[in-house]
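Participant: My questions are about this predicted structure, shown below with the sequence.
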Amino acid sequence: MMVFCWRRCGFLMASCGVLCGVFARGVEAQATSKPKSSTSSSSKAGMAVWSPEVQQTLGVSQENFNAEGLNKLTKMQLVALETSARIDPKKGLLTCPVSGTMPAGRIHVFVTVDGDDASIAALAEQVRQAVAALNGVDVVQAAPQADRALHVVIQTQTTGRGLIGYTASYVTATPCVLEKGGKKTDVELKGTLAESSANSKGEGLAQTIATMLDHDLAELRSGVAAK
């Protein structure tokens, strides 16, 4: 009887130990799983989200917010980025065009063409004509009238036998106005920089430059369309 009781008590004690162990592990699993879900939800809540202020300050639309990777920032990191992007009033107020004005949907482009030889005059006119032929583009005569500027420098390539071709370096820019201390100054924000070459007749050079500009204007066109 004593052996039988001892065996039964031993079995009960062993069973109790197993059950207690399972129960303890279950409690531990619950204790570790709850904070995990809580941490995940709190991290999502703390991530950056798009707002109209983001577009006004950084120029990023709601559609491009994720593509630019801004959704991977925390809210505080986005605030820091917006703060750094804002111009200090003590340093001046920078005003830039955001889209074409009149007529509706048109983009105004200011074109300058310089060179190291008088022979580039004809190419300069070709560049202006190619830009003016772009869809929805008007060539204007002064930077303050423009939504975008295009600056081209054409250099001749020569050998002992004479002219062999041309090289054009060109850069786009956004004309802006900097106001500081009651004085306004025309400034530019540089954009796309590129280079192209052509034979001695300059064939295709103007169209190549205009095509590059057309791609550069895509973002500006989307802004016009949105309005």
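Facilitator: Sure thing, it's come through. Numbers count the residues shown, from 1 in each chain.
Participant: What's the per-residue pLDDT of the residue nearest to Glu195 when sequence neighbours are not counted here?
Facilitator: Ranked by CB to CB, 6 or more residues apart in numbering and with sequence neighbours excluded, the top spatial neighbour of Glu195 is Ser169, at 4.9 Å. Glycine gets a C-beta too; all of them are placed from N, C-alpha and C. If you check Ser169, the pLDDT there is 91.
Participant: Just the element for Ser169, please.
Facilitator: strand 162-180 (DSSP states H and E).
Participant: what's the answer for Asp114, then?
Facilitator: strand 107-115.
Participant: and what of Ala206?
Facilitator: Using DSSP H and E, Ala206 sits in helix 205-216.
Participant: Return the set of buried residues in that helix.
Facilitator: 205-210, 212-214, 216 (16 or more other CB atoms under 10 Å).
Participant: who touches that helix?
Facilitator: 109, 123, 126-127, 129-131, 133-135, 148, 150, 152, 154, 166, 168, 170, 172, 191-192, 194, 196-198 (CB atoms under 8 Å, 6 or more residues apart in numbering).
Participant: Can you say which of those are buried?
Facilitator: 109, 123, 126-127, 130-131, 134, 148, 150, 152, 154, 166, 168, 170, 172, 191, 196, 198.
Participant: Give me the subset of those residues lying in helices.
Facilitator: Among the buried ones among the contacts of helix 205-216, DSSP state H puts 123, 126-127, 130-131 in helices.
Participant: Among those residues, list the two that are farthest apart in space.
Facilitator: Leu123 and Val131 (12.7 Å; CB to CB).
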